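Peer 1: Here is my input; please provide its structure:
(one chain, ligands or ions: 1)
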Amino acid sequence: MSLTLQEAIIQRHPGYYKCPAHESKSERSRPVRLNVKDGTVLLKDFGGCSTRDILTALGMAWSILFPPRINDPVERHRVQGQREAMEGFSLWRERTLRRVAKALRDRDAARIQLSQYMQDGTISEQTFWDYLGLLVDGYAGLQLDFDVLLRGSGAAALEVYRRQRG
Ligand SMILES: [Zn+2]
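Peer 2: You can find the predicted model right below:
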C-alpha cells in the first residue's frame, strides 16, 4: 500500500506538520496545517508554500489529496464511516491537548499565586500546604497525557481516549 500524505510528512503537533518544501530554503520553516474534510486533504502552509510546492517536494501527485473513488456502495459506506471516525478522533485529540495544556498552565499559575499569598501572610502555611496538595494531585497524570497527545502515536493517544471515556 502506498503512503498517505499524513504518513509521508513529519508531524510536529496533532494536525501540524513540518513543511517538506522548506528543506532547501534558508529561512526558518513554518508549519503546515493539514485538515481532512470528507476524505479530501486541505493544506495550509504558514510559510507561504503552495500546495504544488509541497507535493513536488514529496514527489506526490495531486490525486493524493482526494479520496479514492469506490464503486461498491457497501464498501463506500464502510470507508466513509472509517473516515468519519478518524476525523472525529483527530479533532478530539487536538481539543483534548488544548484542554490539558490549559489545566497544567492554570495549576502552575495557581501554585505561584499560592506561594505569594503565603509569603505575604494572606494565608497560613497550613492552608498553603492543603491547597498545594490539591494542585499536585493528578498533575503527573496530566503531564503524561499532554506528552502522549502532543508527540505520541495514534495508538497511544487512543489509550488516553479510552481511559477518558471508560
Ligand atoms: Zn513551506
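Peer 1: quick one: the strands in the protein?
Peer 2: If you assign secondary structure with DSSP state E, the strands in the chain sit at 11-13, 16-17, 32-37, 40-45.
Peer 1: Among these, which comes closest to the ion?
Peer 2: Among those, the nearest to the ion by C-beta to the ion is strand 40-45 (4.3 Å). Every C-beta, even on glycine, is put in place using the N, C-alpha and C of the backbone.
Peer 1: Now do the buried residues in the closest one.
Peer 2: By 16 or more other C-beta atoms under 10 Å, the buried positions in strand 40-45 come out as V41, L43, D45.
Peer 1: okay, the residues you listed in CSV with distance to Q80 and pLDDT next?
Peer 2: Output for those, formatted as CSV (distance: C-beta to C-beta, whole Å; pLDDT from 0 to 100):
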residue, distance to Q80, pLDDT
V41, 16, 91
L43, 22, 93
D45, 28, 92
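Peer 1: hey, least reliable of the strands of the chain by pLDDT?
Peer 2: Mean pLDDT per stretch puts strand 11-13 lowest among these, at a mean of 84.
Peer 1: burial of S2, as a residue count?
Peer 2: 7 (other C-beta atoms under 10 Å).
Peer 1: so what's D53 up against?
Peer 2: D53 makes contact with A21, D45, according to C-beta atoms under 8 Å, 6 or more residues apart in numbering.
Peer 1: That one and the ion: what is the separation?
Peer 2: Between D53 and the ion the computed distance is 7 Å (C-beta to the ion, to the nearest Å).
Peer 1: what would the strands of the chain look like in a markdown table with distance to the ion?
Peer 2: Listed next are those as a markdown table, based on distance: least, C-beta to the ion, whole Å:
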| stretch | distance to the ion |
| --- | --- |
| strand 11-13 | 13 |
| strand 16-17 | 10 |
| strand 32-37 | 6 |
| strand 40-45 | 4 |
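Peer 1: Neighbouring strands - and their directions - for the least confident helix or strand in the chain by mean pLDDT?
Peer 2: When the helices and strands of the chain are scored by mean pLDDT, DSSP states H and E, strand 11-13 comes last with a mean of 84. Partners of strand 11-13 in the sheet, by DSSP bridges, are strand 16-17 (antiparallel).
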